[in-house]
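Colleague: Give the three-dimensional model of this entry:
(2 chains)
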Number of protein chains: 2
Amino acid sequence: MSFDVIAFDAYGTLFDVFSVTELCETLCRGKGPALAQLWRSKQLQYSLLRSLMGRYENFWKITEDALVYAARFLGIDLTLHQRKQLMDAYLYLSLFPDVKPGLEALRARGVRLAILSNGAPEMLRAAADNAGIASLFEAMLSADEVRVFKPDPRVYRMACDRLDVPEGNVGFVSANAWDVSGAASAGLTSFWIQRVAAEPPEQLDHRASRIVSTITELADLAQHRATA
Amino acid sequence: MSFDVIAFDAYGTLFDVFSVTELCETLCRGKGPALAQLWRSKQLQYSLLRSLMGRYENFWKITEDALVYAARFLGIDLTLHQRKQLMDAYLYLSLFPDVKPGLEALRARGVRLAILSNGAPEMLRAAADNAGIASLFEAMLSADEVRVFKPDPRVYRMACDRLDVPEGNVGFVSANAWDVSGAASAGLTSFWIQRVAAEPPEQLDHRASRIVSTITELADLAQHRATA
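Modeller: The predicted model follows:
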């Protein structure tokens, strides 16, 4: 495995979007997990729907719209203050435990690292700063630049352009199986971090070149190939 | 309410996609409702993902891919015969109770009727024939014609072209709130059949011109305006 750059998806891959569940539960007793789940699935659905409708709004707006919908659907009456608290939680998401050691191991092997996310630039910057990983990345690239979301191929290709490397030299890593398919379909070599062991791959033709369970495992692969 | 043509979404609007639940339960004891729900949500997700990826496959293929994914995710080992039985069930979906009387009332008032669906032409034809409503429609229009799915505006505009009426003279009816937003965003006057009373509208800017609870109610509106 030898790439000039490895680009990582952010939400669900580096940042655990379900680290908001505890606050959801504190604010909406008994409905926390349901709110966190629906919030996330609506966020993804709105990113797809708006892209297809040609009605782009940035991911911060979409995340807030998804929260409003999810709360209403579940019969939760969020105050403006509570809504703000939940949105702010998106700027302080936890990292999965393998993220920091895995990224550091890749950096130590001389691999250039980037983020390629649907997230708005300010969201990404804040989340990476607050999690203490910002300095590991040479670029944080946002779909906002092309005003359409992944898995539109323009987002993945924008990354190759901005990183100034050909598609074949960019590895893309995501824990979201649909995102892995999208990147592979756009010509990138993609790696699926299968964070839930029993999760099947998407039935979308374009699959991961390799499936790993952690970013640390990915770093080990990079080493093995380098020394082979 | 005066339109030359009213176009109806098919799945979830005319046909109850959850009428497959009983067969799901018969074939996969204890997991029927979960299979039916995940099958449907994956079907919708794949239609969006493939559209955005520029990797169109028709809705029959997508429906089967979604079934395969849903079964695997739930740890169900479907035989090829069982898979075929479930796919065939999609050609014999039940109508919601208001559909036939509502459509007949609209026809009696001289309104031209059409279907505008993501469904592949053969799927739509079979489902409408088997449900005994095919003769009520002057056209069954499929997203297959433009090889991209709703809510891409090209699908809604194709309908106006094919029905040979300006966008303003086509009413669009769907029970899928995202589909209502998509049609409204593309310039059609859209009506939301809110089949689940507590369901909130989508947070997508473009909303229904009117919300009704049944197609019969829509037919009544048409009459009231005509006599006003």
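Colleague: From here on, just use CA atoms for contacts and neighbour counts.
Modeller: Fine.
Colleague: Would you mind measuring from A:L218 to chain B?
Modeller: From A:L218 over to chain B the distance is 25 Å, taken as CA to the nearest CA, to the nearest Å.
Colleague: what residues does stretch A:113-130 touch?
Modeller: A:5-11, A:58-60, A:90-93, A:103, A:107, A:134, A:136-144, A:149-150, A:156, A:159 (CA atoms under 8 Å, 6 or more residues apart in numbering or on different chains).
Colleague: In helices, which of those fall?
Modeller: A:59-60, A:103, A:107, A:156, A:159 (DSSP state H).
Colleague: can you give me the angle the lengthiest helix in chain A makes with helix B:32-53?
Modeller: Longest helix of chain A, by residue count under DSSP H: helix A:32-53. Between helix A:32-53 and helix B:32-53, the angle comes out at 30 degrees (axes from the mean of the first three to the mean of the last three CA atoms, to 10 degrees).
Colleague: For helix A:32-53, give me every contacting residue.
Modeller: For helix A:32-53, the external contacting residues (CA under 8 Å, 6+ apart) are A:17-18, A:20-26, A:56-57, A:59, A:62-63, A:65-67, A:69-71, A:74, A:148-150, B:45, B:48-49, B:51-52, B:150-153, B:178, B:182, B:185-186, B:204.
Colleague: Go again with 7 Å.
Modeller: By CA atoms under 7 Å, 6 or more residues apart in numbering or on different chains, the residues outside helix A:32-53 that reach it are A:18, A:20-22, A:24-25, A:56, A:62-63, A:66-67, A:70-71, A:148-149, B:48, B:52, B:151-153, B:182.
Colleague: what does stretch A:185-193 give?
Modeller: A:153, A:156, A:167-168, A:170-175, A:177, A:180, A:183-184, A:206, A:208-214.
Colleague: shaky segments in chain A?
Modeller: A:1, A:223-228 (pLDDT under 70).
Colleague: Which parts of it are strands?
Modeller: A:5-8, A:15-16, A:94-95, A:112-117, A:139-142, A:170-174, A:189-193, A:210-212 (DSSP state E).
Colleague: now the ones you listed in CSV, with mean neighbour count?
Modeller: Conversion of the strands of chain A to CSV gives the following (neighbours: other CA atoms under 10 Å in any protein chain shown):
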stretch, mean neighbour count
strand A:5-8, 23
strand A:15-16, 20
strand A:94-95, 20
strand A:112-117, 24
strand A:139-142, 23
strand A:170-174, 27
strand A:189-193, 26
strand A:210-212, 15
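Colleague: The ones you listed into JSON lines, with extra columns for distance to B:A36?
Modeller: JSON lines is the format used below for those (distance: least, CA to CA, whole Å):
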{"stretch": "strand A:5-8", "distance to B:A36": "33"}
{"stretch": "strand A:15-16", "distance to B:A36": "28"}
{"stretch": "strand A:94-95", "distance to B:A36": "34"}
{"stretch": "strand A:112-117", "distance to B:A36": "31"}
{"stretch": "strand A:139-142", "distance to B:A36": "35"}
{"stretch": "strand A:170-174", "distance to B:A36": "28"}
{"stretch": "strand A:189-193", "distance to B:A36": "27"}
{"stretch": "strand A:210-212", "distance to B:A36": "28"}
